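In: Here you go, sequence then predicted model.
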Amino acid sequence: MKKNIYNNSLQFSKKVDSNDKLFNLKDKFHFPIINGSRSSLYFCGNSLGLQPKETKKDILQEIDDWKNLAVEGHFKAKKSWFNYHSYLCEASSKIVGCKYEETVIMNSLTVNLHLLMVSFYKPNKKKKKILIEENAFPSDFYAVKSQLKFHNNDPVNDLIIVRKDKNHLFSTEKIINTIERNKDQIAMILLGGVNYLTGQLLDLKKITTVAKENGCIIGLDLAHAAGNVNLKLHSWGVDFAAWCGYKYLNGGPGAPSGIFINSIYHQNSDLKRFEGWWGHDKTSRFELQSHFKPMVSAEAWQLSNPPIFSMAALLSSLNIFNSVGMKNLLDKSNQLTSYLEYLLIDSLSDQITIISPKRKNERGCQLSIKFKNFNKDIVKLLYKEKIICDYRKPNILRIAPVPLYNSFEDCYHLVKTLKKILVK
């Protein structure tokens, strides 16, 4: 859709929804109950995705298999627990753009970042610094600073922070210039694919190319990117990445994390990693040998057998992604976010500033708005209207129109309600 055919009317939003081939996907999800009704509008998928209706059935299947099979469920369950993690790899690889053997689901996000940095942060006297962006999610700062300290490096002086511009966004040129200026000191780069505060999507392909040209290891935190934006980790040449399963991937609170490890490292015997029995070769894993024989894939980084119930919840959502396809979701996402942007500017330009990027290729589905006259009760007032968004101090509202379960009419009602609240 082109911007000049938008109009700010309920009829227009209903018409666009009627032509949306993905409109009925929202029927596959449970919406939260507010004031006794499920007719809520949910724009918080960037924080916690909704529960797919199949999730309960899929978890109960594993509970029944545990009840009826006990230990035999490892091999005789409907989906054998021995192979369970592998059922999630196909859809995950399509979502992040990599080979099947380059991804695996395990642990949680920050745990995985630490395990990956064991392998990829290899400081020496000359190259020991880590590059990260300002306003990265705080947990990433905690992780990289603790890695620096663990290696007896300085968590302040050995951390290179790329600063955002005055418009809250990051300049690709500034990131690239920082890499090139410090290439002889940088041991590793860790960047967020999509910034959690503004929703900005970095030019990951260009940044990765420059990083590799300058001999820098590059890893990505894709917590706000996986399931939200177009990713091609393998073809871009990214070294490693991790993401969570509970935001856009709808795996439930604390859902397992995914990792990507470029296949060029799978047979590198010099690469250090922490090892456990679930990373051992499948054919002899249960022989309990004392010598570790790694899988020749990202699975070699697994430590323990997977949490089946949590995996089942995530699998429910990944099956939806697999059936719909990322291209279809991204096409709708671009249209939906552009429409929301139009409504916000048309109705509230005197009340708010959108701090997310204007260009479609520089953002996912999240729009962050900054209020000129902030009402500290904005989230409570929206909730009373059965609308859920996410607030960040001091005056930012994050809105995520997720293509799986949000509609154009949802966006219309959100902006209409916001206007009603703000003009009081």
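Out: Yes, it's here.

In: in the longest strand belonging to the chain, what counts as buried?
Out: Using DSSP state E, we find that the single longest strand of the chain is strand 186-192. Buried residues in strand 186-192, counted by 16 or more other C-beta atoms under 10 Å: Ile186, Ala187, Met188, Ile189, Leu190, Leu191, Gly192. C-beta here means a position set from N, CA and C on the backbone, and glycine is covered the same way.

In: Please identify the pairing partners of that strand and their relative orientation?
Out: According to DSSP bridges, strand 186-192 forms sheet pairs with strand 129-133 (parallel), strand 217-221 (parallel).

In: ok, back up a step: could you work out the most separated pair of the buried residues of strand 186-192?
Out: Ala187 and Gly192 (18.7 Å; C-beta to C-beta).

In: and which of the buried residues of strand 186-192 is nearest to Thr55?
Out: When the buried residues of strand 186-192 are compared against Thr55 (criterion: C-beta to C-beta), the nearest one is Gly192, at 27.4 Å.

In: ok, what's across the strand from the closest one?
Out: The partner residues for Gly192, given DSSP bridges, come to Asp221.

In: For Leu50, which of the strands paired with strand 186-192 is the nearest?
Out: Comparing those under C-beta to C-beta, the one sitting nearest is strand 217-221, at 22.8 Å.

In: Buried residues, the helix or strand following the closest one. List them.
Out: Beyond strand 217-221 in the direction of the C-terminus, DSSP states H and E gives the next helix or strand as helix 233-236. Buried residues in helix 233-236, counted by 16+ other C-beta under 10 Å: Leu233, His234, Trp236.

In: Show me what helix 233-236 is packed up against.
Out: helix 204-213 (3 or more C-beta pairs under 8 Å, 6 or more residues apart in numbering; DSSP states H and E).

In: Show me which positions of the helix it packs on end up buried.
Out: So for helix 204-213, counting by 16+ other C-beta under 10 Å, buried means Leu204, Ile207, Thr208, Val210, Ala211.

In: Which residue comes closest to the fourth one once chain neighbours are left out?
Out: Same thing as Val210. Leaving aside its chain neighbours, Val210 sits nearest to Ile176 (4.9 Å; criterion: C-beta to C-beta, 6 or more residues apart in numbering).

In: hang on, the one you found in a strand?
Out: No - Ile176 is assigned helix when assessed by DSSP: H, G, I helix; E, B strand; the rest coil, not a strand.

In: Do you have the helices of the stretch 301-424 of the chain handy? List them.
Out: Ranges of helices in the stretch 301-424 of the chain, per DSSP state H, counting those that start in this stretch, are 308-324, 326-348, 378-384, 408-422.

In: circling back to that earlier point, okay, angle between the longest strand of the chain and helix 204-213 too, please.
Out: Put simply, strand 186-192 runs at 170 degrees to helix 204-213, going by axes from the mean of the first three to the mean of the last three C-alpha atoms, to 10 degrees.

In: buried ones in stretch 236-252?
Out: 236, 238-252.

In: before we move on, back to that, between the buried residues of helix 233-236, which sits nearest Pro306?
Out: Leu233 (21.7 Å).

In: From what I see, that closest one and Lys99 are in contact.
Out: No - Leu233 lies out of contact with Lys99 (C-beta atoms under 8 Å); the separation is 9.4 Å.

In: Please work out how many residues are found near the nearest residue to Val296 once chain neighbours are set aside.
Out: Of all residues not flanking Val296 in the chain, His266 sits nearest, at 5.2 Å (C-beta to C-beta, 6+ apart). Using other C-beta atoms under 10 Å, His266 is surrounded by 19 other residues.

In: so where's this structure shaky on pLDDT?
Out: 1-4, 424 (pLDDT under 70).

In: Let me see the domain layout of it.
Out: What automatic domain parsing lists as the domains of the chain is 3-30+325-422, 59-322.

In: Would you tell me which of these gets closest to Leu48?
Out: Using C-beta to C-beta, these put domain 59-322 closest to Leu48, at 5.8 Å.

In: how long is that closest one from one end to the other?
Out: 19 Å (C-alpha to C-alpha, to the nearest Å).

In: can you give me the offset of it from its chain's centre?
Out: 11 Å (C-alpha atoms, centre = their mean, to the nearest Å).

In: Identify the residue nearest Leu318 in space, chain neighbours excluded?
Out: Closest to Leu318 by C-beta to C-beta, 6+ apart is Ala91, at 3.9 Å.

In: For that neighbour, the count of nearby residues, please.
Out: When neighbours are defined as other C-beta under 10 Å, Ala91 has 22 of them.

In: and Ile160, how many neighbours?
Out: So Ile160, with other C-beta under 10 Å, has 17 neighbours.

In: Please shift the residue numbers so they start at 825 in all later answers.
Out: Will do, 825 is the new start, and the previous item becomes Ile984.

In: For Asn1038, see how far away Leu1138 is.
Out: 36 Å (C-beta to C-beta, to the nearest Å).

In: More neighbours: these two, which one.
Out: Ranked by neighbour count (other C-beta under 10 Å), Leu1138 and Asn1038 place Leu1138 first, with 28 against 16.

In: Just list the residues touching that one, thanks.
Out: Leu912, Ile929, Gly1069, Leu1073, Asn1074, Gly1075, Gly1076, Ala1079, Pro1080 (C-beta atoms under 8 Å, 6 or more residues apart in numbering).

In: One more: Leu1154?
Out: Contacts of Leu1154 (C-beta under 8 Å, 6+ apart): Val1053, Asn1054, Pro1227.

In: related to what we said a few turns ago, look up which helix or strand the residue nearest to Leu1142 falls in, please.
Out: Per DSSP H and E, the secondary structure element for Ala915 is helix 913-920.

In: Buried residues in that helix, which are they?
Out: Cys913, Ala915, Ser916, Ser917, Lys918, Ile919, Val920.

In: any chance of the strands paired with strand 1010-1016 in CSV, plus mean neighbour count?
Out: Output for the strands paired with strand 1010-1016, formatted as CSV (neighbours: other C-beta atoms under 10 Å):
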stretch, mean neighbour count
strand 953-957, 23
strand 1041-1045, 26
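
In: Tabulate those in CSV, adding columns for distance to Lys1217.
Out: Formatted as CSV, the strands paired with strand 1010-1016 follow (distance: least, C-beta to C-beta, whole Å):
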stretch, distance to Lys1217
strand 953-957, 19
strand 1041-1045, 21
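
In: Nearest to Phe1198 among these would be which one?
Out: Among the strands paired with strand 1010-1016, the nearest to Phe1198 by C-beta to C-beta is strand 953-957 (25.6 Å).

In: where does Phe853 fall, phi/psi-wise?
Out: Backbone geometry at Phe853, expressed as degrees, to the nearest 10, gives phi -130, psi 150.
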